[in-house]
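Chemist: Predicted model, plus sequence, below.
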Amino acid sequence: MKWPVMNGCEPWCTHPSVFGKDPGAHVCAGVASEPIDLHAEPGELDEEGVRLPRVQVMPLRRALCAPVVSLLYRLARAEVVVYLTADEARAIAGELCRAADVVDGHR
């Protein structure tokens, strides 16, 4: 398989890595947000006590893919990663802010 030419890292890449020897396996990752504990969700009990679910976001370009926003939802024993386009991430952020304003009584 012939890999497309990768023009190096994205301008926001702070954690470049290459998996294997294929140039098509190059991954760019930007600065991740601090983990956000979800206090409205039930926690999980583990050996260290109750662990709250967390969400973390970061810019990412996977091998041979367009850049995306990576949303990581981490539980004590599992995690779910969702990849969003920039427009999808902005739309979700806007709807989260709108709903938060309703809950807080600002609208």
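Modeler: Arrived safely. Keep in mind the model is a prediction, meaning the values are calculated, not measured.
Chemist: In contact with the nearest residue to residue 46 once chain neighbours are set aside, which residues?
Modeler: Of all residues not flanking residue 46 in the chain, residue 76 sits nearest, at 4.9 Å (CB to CB, 6 or more residues apart in numbering). All C-beta atoms are positioned from the backbone trio N, CA, C, and that covers glycine. Contacts for residue 76 (CB atoms under 8 Å, 6 or more residues apart in numbering) come out as 43-46, 51.
Chemist: Report the lowest-confidence entry in the residues you listed.
Modeler: On pLDDT alone, residue 46 ranks lowest of the contacts of residue 76, at 78.
Chemist: Please name the bridge partners of that residue.
Modeler: Residue 46 has these beta-bridge partners by DSSP bridges: residue 49.
Chemist: do the same with residue 70
Modeler: residue 58, residue 83.
Chemist: hang on, the earlier thing: could you flag which of the contacts of residue 76 are buried?
Modeler: residue 51 (16 or more other CB atoms under 10 Å).
Chemist: can you name the two of the contacts of residue 76 that are farthest apart?
Modeler: The span of the contacts of residue 76, defined through CB to CB, is set by 43 and 46 at 9.2 Å.
Chemist: any idea how far the residue nearest to residue 46 lies from residue 35?
Modeler: 13 Å (CB to CB, to the nearest Å).
Chemist: Now do the helices in the chain.
Modeler: 86-104 (DSSP state H).
Chemist: what sits against the closest residue to residue 57 other than its chain neighbours?
Modeler: Counting by CB to CB, 6+ apart, residue 33 is the residue found nearest to residue 57 once chain neighbours are left out, at 4.9 Å. Residues in contact with residue 33 (CB under 8 Å, 6+ apart) are 56-58.
Chemist: How much space separates residue 85 from residue 37?
Modeler: Computed as CB to CB, the residue 85 to residue 37 distance reads 27 Å.
Chemist: what about residue 35, neighbour count?
Modeler: Neighbours of residue 35 under the rule other CB atoms under 10 Å: 14.
Chemist: That one reaches residue 54, doesn't it?
Modeler: Yes. Look at residue 35 against residue 54 with CB atoms under 8 Å: they come within range, at 4.2 Å.
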